[in-house]
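J.: Please find the sequence and the predicted model below.
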Amino acid sequence: MDLDRFQSVNDVFGHAMGDALLREVARRLEAACQGAFFARLGGDEFAVITSPGSQPAAAEARVLSSAQKADIFACRIIAILYARVDVTRYNAMS
């Protein structure tokens with residue numbers, strides 16, 4: 001996955017803020033992946049690799065098709081990435 005308009009963060013707030021945003025995205029992905037492998041590929045690109053058994057806990061409790069489980073997993077990642085990041089918190093830290 002790729003972070004849209006990430007370059008704007010660097011341009012407007014500086015590279016330190018961009019780095020803080022990347023750390024926050026990584027923290028959120030780690031929480032959402034629940035044991036799946038994820039990595040930063042470079043720049044603003046991340047990859048998530050999951051096995052059929054590595055799904056959100058709510059999905060494991062039900063019998064769902066692989067496609068439905070993948071949809072739930074994707075929606076979980078989208079939701080955590082759409083959540084607002086408080087840049088003032090990171091600005092105070094730099």
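T.: Thanks, I have the structure now.

J.: CA atoms for contacts and neighbours, from now on please.
T.: Noted.

J.: Just give me the residue right at the centre of this structure.
T.: The geometric centre of the chain, computed from its C-alpha atoms, lies nearest to residue 29 (C-alpha atoms, centre = their mean), at 3.5 Å.

J.: quick one, what contacts that one?
T.: By C-alpha atoms under 8 Å, 6 or more residues apart in numbering, the contact list for residue 29 reads 38, 77, 80.

J.: is it true that the last one lies in a helix?
T.: Meaning residue 80. Yes: the assignment for residue 80 is a helix, going by DSSP: H, G, I helix; E, B strand; the rest coil.

J.: so what pLDDT did it get?
T.: If you check residue 80, the pLDDT there is 80.

J.: how far away is it from residue 7?
T.: In this view, residue 80 and residue 7 are 20 Å apart by C-alpha to C-alpha, to the nearest Å.

J.: And the first one, by the same measure?
T.: From residue 38 across to residue 7, the span is 22 Å (C-alpha to C-alpha).

J.: okay, now residue 25: neighbour count?
T.: With neighbours defined by other C-alpha atoms under 10 Å, the count for residue 25 comes to 19.

J.: Let me see the contact set for it.
T.: residue 81.

J.: can you confirm the residue nearest to the centre of the chain is in a helix?
T.: Yes: applying three-state DSSP, one finds residue 29 inside a helix.

J.: hmm, back to that, let me know the closest of the contacts of residue 29 to residue 14.
T.: residue 80 (23.2 Å; C-alpha to C-alpha).

J.: need the contact list for residue 15.
T.: Contacts of residue 15 (C-alpha under 8 Å, 6+ apart): residue 9.

J.: Could you measure from it over to residue 46?
T.: Distance from residue 15 to residue 46, by C-alpha to C-alpha: 18 Å.

J.: Repeat that for residue 13.
T.: Note on residue 13: its distance to residue 46, by C-alpha to C-alpha, is 22 Å.

J.: Between those two, tell me which one has more neighbours.
T.: residue 46 (17 against 13).
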